[in-house]
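Undergrad: Kindly generate the corresponding structure for this input.
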Amino acid sequence: MPFFLISLFGKDRPGIVAEVSKVLYQLNLNIEDSSMTRLKGEFTIMLIVSSPTEKNEEDILSALEEVKDKLGLWVACKRLPEDWQEECERKEIYRIVVSGADKPGIVYNVSKLLSEKGINISDLRTEKKGGLYLMFIEGESEEDLLEELRQDLERLRHQLSIDISVERDEEVIL
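TA: Prediction:
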């Protein structure tokens, strides 16, 4: 079964999700994973879709052409390698929250520390509320680094004069 990564973005307006998901439904594509959000006045969508039949990037891009033109969207599509899911499996998941006065370098310093620890950032969201800067990170590692990570983040907290908290995400069984 082929899998594809689809990315779309454009000026935010009602109906983007409905129009895009309609085309995917008509193509018989299943949405496996998604992230959709508004960044200031722009809306962005990232999707992993699967197809029960053989399709290629051109089939998907062609089907999205009318929606792209109608809504003024930029669209990209990439077929994922057969073993892409194996690369996604991690043992430990951490949730990190950063808050403090807005200043350059917060994202860089926190992401650099995580990279040095071998922690992969699977999700990162930031927002600014007045002068307050907020960052929410989900990170993954092959091994348990929670205590070491807490110590390193505490040093970074003092260095940058920000608040940082970290907790391990416990597995939820549905």
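Undergrad: how about low-confidence regions in the chain?
TA: Along the chain, the parts satisfying pLDDT under 70 run over 86-90, 171-174.
Undergrad: Apart from its chain neighbours, what residue comes closest to the residue nearest the centre of it?
TA: Central residue of the chain (CA atoms, centre = their mean): Asp123, 4.4 Å from the mean position. Closest residue in space to Asp123, ignoring its immediate chain neighbours: Glu138 at 4.1 Å, by CB to CB, 6 or more residues apart in numbering. No exception for glycine: its C-beta is placed from N, CA and C like everyone else's.
Undergrad: SS state for that neighbour?
TA: Following DSSP: H, G, I helix; E, B strand; the rest coil, Glu138 is assigned to strand.
Undergrad: do the same with the one 10 residues further on
TA: Here Glu148 is helix, with the state taken from three-state DSSP.
Undergrad: Touching, it and Gly118? I think so.
TA: No: the criterion here is CB atoms under 8 Å, and Glu148 misses it with Gly118 at 10.9 Å.
Undergrad: Show me the strands in this structure, by range?
TA: Under the criterion DSSP state E, strands of the chain are mapped to 3-11, 30-39, 42-50, 74-79, 92-101, 120-129, 132-141, 163-168.
Undergrad: possible to save these as JSON lines with distance to Ser111?
TA: Shown next, in JSON lines, are those (distance: least, CB to CB, whole Å):
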{"stretch": "strand 3-11", "distance to Ser111": "21"}
{"stretch": "strand 30-39", "distance to Ser111": "18"}
{"stretch": "strand 42-50", "distance to Ser111": "19"}
{"stretch": "strand 74-79", "distance to Ser111": "23"}
{"stretch": "strand 92-101", "distance to Ser111": "10"}
{"stretch": "strand 120-129", "distance to Ser111": "6"}
{"stretch": "strand 132-141", "distance to Ser111": "8"}
{"stretch": "strand 163-168", "distance to Ser111": "13"}
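Undergrad: Sounds good, over and out.
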